[in-house]
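Undergrad: Show me the folded form of this:
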Amino acid sequence: MTLPPSFFDAMYAAAEDPWSMRARWYERRKYALTTAVLPRERYAEGLEVGCSVGELTARLADRCDRLTGWDASAAAVERATRRVAGAGSVRIEQATVPDHPLPQVDLLVLSEVLYYLDQPDLQRFLAQVPGAVRPGGTVLAVHWRHPVAEYPQTGDAVHEALRAALPWPRVAAHEEPDLLLDCWVVAGADDVRAASVAAAEQLW
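TA: Purely as a prediction, here's the structure:
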């Protein structure tokens, strides 16, 4: 079963930053990896699904003209809003996937969020993605690999489903014992130039 908002409300009631996103080197290093992999220097419109307390959101704000962060928990929305205050054109909203349809964006970031969905909801969400990300846009996913008893999916299962569902060229695939990271550009599957940052810079 997909985890309900009450699961996250309980986590945020117990701790200001339940996953220690502000303090852990593991998290700060992962955010650096995440933003380094993005193939475009800037995006007109970005969406981060599952923004939590806004640590990654604040970093993504530097790369987007307009950025929206979604989270299921009202407490997370309040904390993320405080975190990104003054960070430019950033909105934080209470929203869950797949119930809230994805808007049209140029960057879709799925960081540590899809393993909260059960298989039917994950498939409903994946069916929305191709229509939401504009041509030339980017989808980036990064997830913890170790099983968590409460979560309906593992990070490995989520990335297997993403790789099966998204028909676009991958810019990067990064694998560690603790995390998987994949990044796609919305283009024809055989368009090798679309997946190349160097080609976008006219280096070949």
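Undergrad: Just the element for Ala80, please.
TA: helix 74-83 (DSSP states H and E).
Undergrad: ok, and what's touching that helix?
TA: Helix 74-83 has contacts (CB atoms under 8 Å, 6 or more residues apart in numbering) with 8-9, 12-13, 16-17, 51-55, 57-58, 69, 71, 92-94. Just so you know, the C-beta spots here come from the backbone N, C-alpha and C atoms, and that holds for glycine as well.
Undergrad: Go through that helix and flag the buried ones.
TA: Across helix 74-83, burial judged by 16 or more other CB atoms under 10 Å covers 75-81, 83.
Undergrad: Serialize those to TSV and add fields for distance to Gln119.
TA: Below are the buried residues of helix 74-83 laid out as TSV (distance: CB to CB, whole Å):
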residue	distance to Gln119
Ala75	28
Ala76	24
Val77	27
Glu78	31
Arg79	30
Ala80	28
Thr81	32
Arg83	32
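Undergrad: could those residues be laid out in a markdown table, adding pLDDT and distance to Trp184?
TA: As requested, the buried residues of helix 74-83 are exported to a markdown table (pLDDT from 0 to 100; distance: CB to CB, whole Å):
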| residue | pLDDT | distance to Trp184 |
| --- | --- | --- |
| Ala75 | 96 | 32 |
| Ala76 | 96 | 26 |
| Val77 | 97 | 28 |
| Glu78 | 96 | 32 |
| Arg79 | 97 | 30 |
| Ala80 | 97 | 25 |
| Thr81 | 97 | 29 |
| Arg83 | 96 | 27 |
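Undergrad: what's the closest of the residues you listed to Arg28?
TA: Closest to Arg28 out of these is Arg83 (14.1 Å), distances taken as CB to CB.
Undergrad: would you list every one of the helices in this protein?
TA: Secondary structure of the chain (DSSP state H): helices located at 5-14, 25-37, 55-61, 74-83, 119-132, 155-165, 197-200.
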